[in-house]
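[1] Output the structure for:
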Amino acid sequence: MSDGLMNAAEYHRIAAVEREHWWFLGVRDVVDRTLRRPRWRLPEEPKILDVGCGTGGNLRHFIDTYHPSYAGGFDLSPLGIDYTRKQIHDADIYQSDLRHPELHEGQLDQDSTTAEIYT
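    Prediction:
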């Protein structure tokens with residue numbers, strides 16, 4: 001059975017390219033277009049949680065774009081958490097498991113995950 005952790009080398013690769021790589025930019029564009037639609041529009045200063053925040057690129061984008069009153073992110077990997085904490089100092093970053101998540105904020109306006117797969 002897998003421990004659910006991604007290979008450490010992949011975290012290093014992602015951290016090196018996630019600000020400019022077409023995949024990450026495309027995912028963020030899809031999320032942004034969705035959140036501009038009336039049905040999905042966020043309130044001013046939303047509360048946002050990035051589930052499986054990895055190295056923090058998407059969470060950084062959410063903070064810069066939506067100016068949340070609460071921004072949080074968790075990941076199973078201590079390495080991912082370390083990367084995220086190094087680039088984001090204005091968010092609640094912690095280790096937790098998607099299968100049994102610990103939530104630090106009770107009511108959220110947006111929780112997101114873009115590519116979490118557990119086996």
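
[2] Only C-alpha atoms from now on, for both contacts and neighbour counts.
    Will do.

[3] Show me what the biggest helix by length in the chain is packed up against.
    In the chain, with assignment by DSSP state H, the single longest helix is helix 22-36. With contacts defined as 3 or more CA pairs under 8 Å, 6 or more residues apart in numbering; DSSP states H and E, the packing partners of helix 22-36 are helix 57-66.

[4] In three-state terms, label the residue lying closest to residue 46 once chain neighbours are set aside for me.
    Excluding the flanking residues, the one nearest residue 46 by CA to CA, 6 or more residues apart in numbering is residue 68, at 4.6 Å. Secondary structure state of residue 68, per DSSP: H, G, I helix; E, B strand; the rest coil, is coil.

[5] which residues does residue 68 contact?
    The neighbourhood of residue 68, defined by CA atoms under 8 Å, 6 or more residues apart in numbering, consists of 44-48, 62.

[6] hang on, residue 72 packs against residue 56?
    No - checked against CA atoms under 8 Å, the pair residue 72 and residue 56 is beyond contact range at 10.3 Å.

[7] Settle it for me: which of these two has more neighbours?
    When residue 72 is set against residue 56 and neighbours are counted by other CA atoms under 10 Å, the residue ahead is residue 56, at 28 against 22.

[8] hmm, back to that, next one: phi and psi at the residue nearest to residue 46?
    Main-chain dihedrals, residue 68, degrees, to the nearest 10: phi -70, psi 150.

[9] now residue 17
    Residue torsions, per degrees, to the nearest 10, at residue 17 are phi -120, psi -10.

[10] that older thread, the contacts of residue 68 in strands, which ones?
    When the contacts of residue 68 are checked against strands (DSSP state E), the matches are 47-48.
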